[in-house]
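[1] This is a predicted model, with the sequence first.
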Amino acid sequence: MGRSTATSSSIATSRSDVFARLRAALNAAGYAGEAVAGPVGRHRFLVGTETDSVGESDARLAALVRLFALGQPLPVTQARDALRPVDLEEIAGTGLLTVDAGQVTPEYVLRPYGQLLLAGDGSRPEDPDVVSAFTGPSTRLAWLTPRTRARSMLDVGTGSGILALLGARHCDEVTATDVNPRALMLARLNADLNDVPNLELVKGSWFEPVAGRVFDLIVCNPPYVVSPDREFVYRDSGLGGTTLLEQLTRHAAHHLAPGGLALMLCSWPHEAEDDWAAAPMGAVAGTGCDALILGNRTVDPFAYAVSWNSPPVSFTETAVLRETVGRWFAHYRAIGAGAITYGAIVVRRRTRGQPWVSTLRATTDAGERASEQLTAVFAGRDLLEADDDGALLGRRFSLPDGIDISQRFQRRESRFVARPAMVGLDGGLGVSVAVDPDMLRVVFACDGRRTLSEVVERVDGAADAAVAVVRELLIHGLLRVE
């Protein structure tokens, strides 16, 4: 028993050492997000990389991109040169690649995300258990998630583990669940690859593996596609209509510690475009949690069906595509779906008092500062709950860096009339608020040094109008309380 344990420990140590040296080698070669961002960034390395004009460092980076970002095999000599000073056989011993008949073949793609290096599946269009290194939705959820210190975090449906690994930086303990064994394998590989020790991985469906436990932070990027199928684990939940939305919301609320926050991406069907918030509002009702419902794009069901059934998924033949889209569209008609909305649900476990529900409509996708605005939304709501209008007049407010104010003018009867100004946060949630042009003086004067009452006096404004503007900016997370 003792000899076996020592051997296992030495193997784990050796693998950790190889991964550390591999990360250092890739960083030294410039294998970073900027070099391989997006398909265009990656595929440019397939053209013109072996001419006399290419320098040694460029050739090395091109080889690494072809091997790890594009999943292309390389000759052994070329791969060995690109990976130096890490020994090729050492890397093969970790399972990241195989060496056979003078050729090196990657087992996974490796994609850089910030300071992380994430392994995922390459092109596997027929595999229902395929796991990507990271996706656009997982990136958006990462941007939404506040990075405040917490004791415990749960990542439901972890996939490659990207959200869990990011959470491990600011959470003492992270638990990640997934029903897909391949996802758990890749999440463990990525935890080892990035030297993240505080991650617990458990197999099971949704919240079943953590029954009876509560967490300070919960994130979930589920298979949220509104679909009649169960073909792909990453896409199809098998739960029809709004069932996924309702179950996720209620289970997340149940597993939150007091003051805890849960963030979930989802899409849901509804009858008409203007009732987009009805289903999520029903889902959060009775949970005992504050709730922010963020609606993003609303699309036509036919367009939705086409977008999720086009290559590179398995439906490549015209006849198959026609049959599948037709079947999906018939499903939407059967459940009365006239539109489908993409969005996010954020709930916070109340410690006392009555919960509030807020709906915000985004006009652009969330950006890298989304969590900053999200945090401000909850802080603003807390302030409005505690203070009446008179108390707000005694507060000091300031505009966050990155605030974006757009002013339009319209010609009417031979003169230009100022239209309401739109106030938003660059790289934020993608939501903005209309402000009367006459009240921009109040907005610009919120510099954190004067109380709102002093601001009103300075710009010769009306107190009730100033309070109304401040309330809207607080609700939208566009004003800081000093």
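    Looks like it arrived, so ask away. Numbers count the residues shown, from 1 in each chain.
[2] can you tell me which residues contact residue 450?
    Contact criterion CB atoms under 8 Å, 6 or more residues apart in numbering gives 396, 458 as the residues in contact with residue 450. Every C-beta, even on glycine, is put in place using the N, C-alpha and C of the backbone.
[3] Tell me the secondary structure at it.
    Assigned by DSSP: H, G, I helix; E, B strand; the rest coil, the conformation of residue 450 is strand.
[4] quick one: it and residue 444, what's the gap?
    Spatial separation of residue 450 from residue 444 under the definition CB to CB, to the nearest Å is 12 Å.
[5] and if you look at residue 413?
    From residue 413 over to residue 444 the distance is 29 Å, taken as CB to CB.
[6] More neighbours: those two, which one.
    Residue environment comparison for residue 413 versus residue 444 gives the larger neighbour count to residue 444, 12 against 5, counting by other CB atoms under 10 Å.
[7] For that one, give its distance to residue 467.
    For residue 444, the distance to residue 467 under the criterion CB to CB works out to 17 Å.
[8] how near is the most centrally placed residue in the chain to residue 369?
    What sits nearest the mean C-alpha location of the chain, by CA atoms, centre = their mean, is residue 141, with 1.9 Å. Residue 141 sits at a distance of 15 Å from residue 369 (criterion: CB to CB).
[9] Then residue 318?
    To residue 369, residue 318 is 43 Å away according to CB to CB.
[10] Please name the nearest non-neighbouring residue to the residue nearest to the centre of the chain.
    Spatial nearest neighbour of residue 141, chain neighbours left out: residue 221 (5.0 Å); criterion: CB to CB, 6 or more residues apart in numbering.
[11] how long is stretch 122-141 end to end?
    Looking at stretch 122-141, the gap from its leading to its trailing residue is 22 Å under the measure CA to CA, to the nearest Å.
[12] do stretch 424-437 as well
    Looking at stretch 424-437, the gap from its leading to its trailing residue is 15 Å under the measure CA to CA.
[13] Same check on stretch 396-403?
    Per CA to CA, stretch 396-403 runs 17 Å from first to last residue.
[14] ok, and what's touching it?
    Stretch 396-403 is contacted by residues 369, 372-373, 376, 423-428, 443, 446-452, 470, 473, 478-482 when judged by CB under 8 Å, 6+ apart.
[15] Quick one: buried ones out of the residues you listed?
    Neighbour-count burial (16 or more other CB atoms under 10 Å) applied to those gives 369, 372-373, 376, 423-425, 427-428, 443, 446, 450, 452, 470, 473, 478-481.
[16] Show only the entries of the residues you listed found in helices.
    Residues from the buried ones among the contacts of stretch 396-403 lying in helices, with DSSP state H as the criterion: 372, 373, 376, 443, 452, 470, 473.
[17] Excluding covalently adjacent residues, which one is nearest to the last one?
    Taking CB to CB, 6+ apart as the measure, residue 473 lies nearest to residue 479, with 4.0 Å between them; neighbours along the chain are not counted.
[18] Which residue ranges of the stretch 51-200 of the chain form helices?
    Assigned by DSSP state H, counting those that start in this stretch, the helices in the stretch 51-200 of the chain fall at 56-64, 76-83, 88-93, 136-144, 162-167, 181-193.
[19] The ones you listed: which one's closest to residue 459?
    When the helices of the stretch 51-200 of the chain are compared for distance to residue 459 using CB to CB, the nearest one is helix 136-144, at 34.8 Å.
[20] which ones are touching the residue nearest to residue 141?
    Contacts of residue 221 were listed using CB under 8 Å, 6+ apart, and they are 135, 137, 138, 141, 157, 159, 163, 264, 265.
[21] Equivalent analysis for residue 32, please.
    Applying CB under 8 Å, 6+ apart, we find residue 32 in contact with residue 112.
[22] So for it, what's the pLDDT?
    Here the pLDDT value assigned to residue 32 is 83.
[23] just to revisit the earlier point, relative to residue 27, which of the helices of the stretch 51-200 of the chain is closest?
    Evaluated with CB to CB, the helices of the stretch 51-200 of the chain place helix 56-64 nearest to residue 27, the distance being 10.9 Å.
[24] Send over that closest one as PDB, restricted to the C-alpha atoms.
    Provided in PDB are the C-alpha atoms of helix 56-64 (Å, rounded to 0.1, in the frame of the first residue of the first chain):
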ATOM      1  CA  GLU A  56      12.100  31.600 -35.900                       C
ATOM      2  CA  SER A  57       9.700  32.900 -33.100                       C
ATOM      3  CA  ASP A  58       6.800  33.300 -35.600                       C
ATOM      4  CA  ALA A  59       7.400  29.800 -37.000                       C
ATOM      5  CA  ARG A  60       7.400  28.400 -33.400                       C
ATOM      6  CA  LEU A  61       4.100  30.200 -32.600                       C
ATOM      7  CA  ALA A  62       2.600  29.100 -35.800                       C
ATOM      8  CA  ALA A  63       3.500  25.500 -35.100                       C
ATOM      9  CA  LEU A  64       1.900  25.700 -31.600                       C
END
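[25] Let me know the angle separating it from helix 76-83.
    Here helix 56-64 runs at an angle of 110 degrees relative to helix 76-83 (axes from the mean of the first three to the mean of the last three CA atoms, to 10 degrees).
[26] How far off centre is helix 56-64?
    The chain centre lies 31 Å from the centre of helix 56-64; the measure is CA atoms, centre = their mean, to the nearest Å.
[27] got it, and stretch 375-382?
    Computed by CA atoms, centre = their mean, the chain-centroid distance of stretch 375-382 equals 20 Å.
[28] ok, residue 363 - how many residues close by?
    Other residues within reach of residue 363 by the criterion other CB under 10 Å amount to 11.
[29] contacting residues around residue 284?
    Counting by CB under 8 Å, 6+ apart, residue 284 has contacts 249, 253, 291, 293, 345, 347, 357.
[30] Once you drop chain neighbours, what's closest to residue 169?
    Excluding the flanking residues, the one nearest residue 169 by CB to CB, 6+ apart is residue 147, at 7.5 Å.
[31] Now the one you found: phi and psi?
    With angles defined as degrees, to the nearest 10, residue 147 sits at phi -110, psi 40.
[32] So it is in contact with residue 163, correct?
    No: taking contacts as CB atoms under 8 Å, residue 147 lies outside contact range of residue 163: 11.8 Å.
[33] Neighbour count for these two, which is higher?
    The residue with more neighbours, out of residue 147 and residue 163, is residue 163; 27 against 15, by other CB under 10 Å.
[34] The more buried one touches residue 156, doesn't it?
    No: taking contacts as CB under 8 Å, residue 163 lies outside contact range of residue 156: 9.5 Å.
[35] any shared contact partners between these two?
    Listed contacts common to residue 163 and residue 156 are residue 219; contacts here mean CB under 8 Å, 6+ apart.
[36] Return the distance of the nearest residue to residue 442 once chain neighbours are set aside relative to residue 474.
    Of all residues not flanking residue 442 in the chain, residue 466 sits nearest, at 4.8 Å (CB to CB, 6+ apart). Distance of residue 466 to residue 474, given as CB to CB: 13 Å.
[37] swap in residue 76?
    In this view, residue 76 and residue 474 are 61 Å apart by CB to CB.
[38] ok, which pair from the ones in helices among the buried ones among the contacts of stretch 396-403 is furthest apart?
    Pairwise across these, and taking CB to CB, the largest span is found between 372 and 452, at 22.1 Å.
[39] returning to that earlier point: go through the contacts of residue 284 and name the one nearest residue 36.
    Each of the contacts of residue 284 was checked against residue 36 using CB to CB; the closest is residue 345, at 32.2 Å.
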